[in-house]
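Enquirer: After the sequence you'll find the predicted model.
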Amino acid sequence: MLRQWLTIKITRPRLRAFLETQRTSQQVLDVGASANTLTDLFPNAVRGDIRLVAGNELVYDAHHLPFAAGALPVVVCTEVLEHCHDPQRVVDEFWRVLAPGGRLVLTTRFVFPIHDAPGDYFRYTVYGLRHLLRAYEQVTVQPETTTVETLAVLLQRLIYQAEWKLPGAKVALGLLARLVLASSRLIRAEYGSIQRTLREDHIMASGYYVVAHKPLAQP
C-alpha cells in the first residue's frame, strides 16, 4: 500500500479536476484521445488520434484536421501539443475548425522529462502559450503545479522512467517527492530573472491548463 501511494501520479487528479470544470454536452473534438478517459466529461465527443486506437472514430494528424471551417463549438486537446512538430500550425487548425465564440481547452507540458520518445518536441512557458494563442481572446493559463511541487513531480518521474542500481531507491524517491510536495508553501517570492527585477507567480510548473475562446466577430 505504501509503494502504491508513493507512485500515484501527483498531477493526475489535478488534470482531472481541471477538465471537470470544462465538461459539456456540446459536440467536442477530442484531439489525441488515445486513452478514451474523458467520455463522462465530454459524452458527445468525436475522438481521434494519430494512431489507430480502439474506441476512436478517426485517425488524423492534428496539423491537418479533417473538419470544415467553423464546424465545432469545442476542441479539447490534452497532453498533445508538446508532441506536435509545428505547434503554431496545430493551434491555427484549432482556430479554423472552431465556430465563432468556440472554446479551446488545452493542456500541455512545461518542466517535464522527455516522454513518448522520440515524438516529444517542445515545452511551453506561459509566455510561449500566450504567443501561440494570440489570435484567441479570454485566454486563461493556469499552472498545474507550484514551483516546489514541480520538483516533486520530477522526482516522481524518476521512479517511472529510470532504473536504479540501489534497492529501495524508488521508495526513497517517492518519500522524498511527498516531502517536497508538503513544503511547497515555503517560498516567499519568485522572480523572472536572477536580477530579481520582475516578480513571477511561479518560475516552474510541470504544465499548464489553458482555456481560450475564438471571438464571435472575426477581424
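Expert: On my side now, so go ahead. These numbers were taken from a predicted model, which means no experiment stands behind them. Numbers count the residues shown, from 1 in each chain.
Enquirer: quick one: the helices in the protein?
Expert: Taking DSSP state H to define them, one finds helices in the chain at 2-7, 12-20, 87-97, 126-132, 147-161, 169-182.
Enquirer: Which elements pack onto the top strand by length along the chain?
Expert: Ranked by residue count and defined by DSSP state E, the top strand of the chain is strand 98-109. The contact analysis (3 or more C-beta pairs under 8 Å, 6 or more residues apart in numbering; DSSP states H and E) places strand 98-109 against helix 12-20, strand 72-78, helix 87-97, strand 207-213. Heads up, the C-betas are built off the backbone N, CA and C, glycines and all.
Enquirer: Out of those, which gets nearest to Phe110?
Expert: Phe110 lies closest to strand 207-213 among these, at 5.5 Å (C-beta to C-beta).
Enquirer: in its sheet, what does that closest one sit against?
Expert: Sheet pairing of strand 207-213 (DSSP bridges) gives strand 98-109 (antiparallel), strand 137-143 (antiparallel).
Enquirer: got the buried residues for the shortest one?
Expert: I take that to be strand 137-143. Within strand 137-143, the residues scored as buried using 16 or more other C-beta atoms under 10 Å are Val139, Val141, Pro143.
Enquirer: now Tyr127: how far from Val53?
Expert: Applying C-beta to C-beta, to the nearest Å, the value for Tyr127 to Val53 is 33 Å.
Enquirer: Let me fix that, I meant to ask about Leu129.
Expert: Counting by C-beta to C-beta, the gap from Leu129 to Val53 is 26 Å.
Enquirer: So for these two, which residue has more residues nearby?
Expert: The neighbour comparison of Leu129 against Val53 (other C-beta atoms under 10 Å) goes to Leu129, with 21 against 16.
Enquirer: does the more buried one really touch Gln142, like I thought?
Expert: No - the pair Leu129 / Gln142 is not scored as a contact, 10.7 Å apart, by C-beta atoms under 8 Å.
Enquirer: who touches both of those two?
Expert: Taking C-beta atoms under 8 Å, 6 or more residues apart in numbering as the criterion, Leu129 and Gln142 both touch Tyr208, Val210.
Enquirer: Run a quick neighbour tally on Trp164.
Expert: As a burial measure, Trp164 scores 12 neighbours (other C-beta under 10 Å).
Enquirer: Val46 too?
Expert: Quick note: Val46 (other C-beta under 10 Å) scores 17 neighbours.
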